[in-house]
Each structure stands twice: as C-alpha cells, then as structure tokens.
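K.L.:
Here's a sequence, model it:
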Amino acid sequence: MKLVKNENEKKINEVTDKEAEEAFVKILKWLGEDPTREGLLETPKRVTKAFKEYFKGYKEDPKAVLDKTFGDVEGYSDMVVQKNISVQSHCEHHMAPIIGIAHVAYIPNQRVVGLSKIARVVEVFSKRLQTQERLTVQIANTLMESLDAKGVAVTIDSTHQCMTMRGIKKEQATTVTNFYLGQFKDDLSYQNRYLRFIAK
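P.N.:
Numbering: from 1, shown residues only. Next up is the predicted model:
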C-alpha cells in the first residue's frame, strides 16, 4: 500500500505490499497460529488487500471531490440535508471498526454540489484511522471551505467496536457527535430545523 501524503502534507514512508504481508505473517505467529497451514497461506495477502480498501481515504483528496458545483438552482437558498449516510471507519486507538450513520446539511451560497459528492466526502474521511470527533469536524470544515457555504451541520451516530467487543464491553452503547458552522452555529432556528429534519 503506497500512502502519499497526510492532511498536513507531510510525506509518509512508503511500505510495499510484500512488507505489509510479512508483518501480518509475524502477527499470525504472535497469535500462536501457524501461517503455513492451508487456511492461512493467503491470509496475509488478503488482509493487505482488505486494508487497502479500509484505508483508501489516505490516497484521496476530499476537496477534489467538491471541485464541480452548479449555479442553476433557481435561487434556492435553504438548507440541503442528506440523511443516513453509511459510515464505516476504524478507530485510531485499537483499529477496531466504527459503524454508524452520518447526517449532513449545508446552506448553499448560490451554488450547490451533486448530492453524491456529500456522501463521497464522508467516505473519504471515514476510510482513515479516525476519532469520531475529528471525523465530524473534518467533514464539516471541508464542506464549509470548499463550497463557500453559509453554514454546515454534521451529525454522526455510531457504534465503536473497541468498546463493544473489548474493554468495557457495552454492546448497546452508541456515540453521537454534532458540529455546526456558520448559520447553523449562529442561528438556533436553523440548528433546530436541522435537528427536526434528521429526527424524522
């Protein structure tokens, strides 16, 4: 897996697929397994391939997703709300899955973006090692800056398997984060309308 740059534009060391596979072989041995047995022979290669998919967001630029906007909106100026966007991420502390949904709203400033692009921004940031708080803020900041929006609201409701499968093992626990920018932050009427929309 070749990772190019992180959010701070710092270069990340390049590691080959072969080196990654060798690392997973060592982990299997550490677990007490025999990596040469039939069922595990291809596991390091499969896990390396899976990790490329889990963490493909490192190779994608979320701002580039929002490059194309549309101005022919007949004067539409109210909020655009997209609900129930699937979130599949991994926590940076235990690399355990984070599974949930995101709700995203923005108030356009004369121009709008294709609806699929909102979900795509959520996807790019989700496919990285994350904390839910940072994920929420990153989505909001990127939409606000790239769209020159009048306001942005982001809510994520998820289950963290680092606390349902290990540690405290609270299987029913969910975590909700909210972040507001612009008119959603400054005007409670917008914020309240947004919360009513996503509660339906």
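K.L.:
Tell me how far the residue nearest to the spatial centre of the chain lies from F51.
P.N.:
Centre of the chain computed as the mean C-alpha position; nearest residue by Cα atoms, centre = their mean is S126, 1.7 Å away. Taken as Cβ to Cβ, to the nearest Å, the spacing of S126 relative to F51 amounts to 15 Å. All C-beta spots, glycine's among them, are computed from the backbone N, C-alpha and C.
K.L.:
give the contact list for the residue nearest to the centre of the chain.
P.N.:
Under the criterion of Cβ atoms under 8 Å, 6 or more residues apart in numbering, the contact partners of S126 comprise G57, V87, Q88, S89, I98, L135.
K.L.:
again with G114
P.N.:
For G114, the residues meeting the contact criterion (Cβ under 8 Å, 6+ apart) are K68, F70.
K.L.:
What's the local residue count around the closest residue to K56 other than its chain neighbours?
P.N.:
Of all residues not flanking K56 in the chain, K127 sits nearest, at 4.9 Å (Cβ to Cβ, 6 or more residues apart in numbering). A total of 20 residues lie near K127 under the criterion other Cβ atoms under 10 Å.
K.L.:
what does the model give K127 for pLDDT?
P.N.:
Model confidence at K127, expressed as pLDDT, equals 99.
K.L.:
what's the burial count for R193?
P.N.:
When neighbours are defined as other Cβ under 10 Å, R193 has 16 of them.
K.L.:
separation between it and A199?
P.N.:
With the distance defined as Cβ to Cβ, R193 ends up 11 Å from A199.
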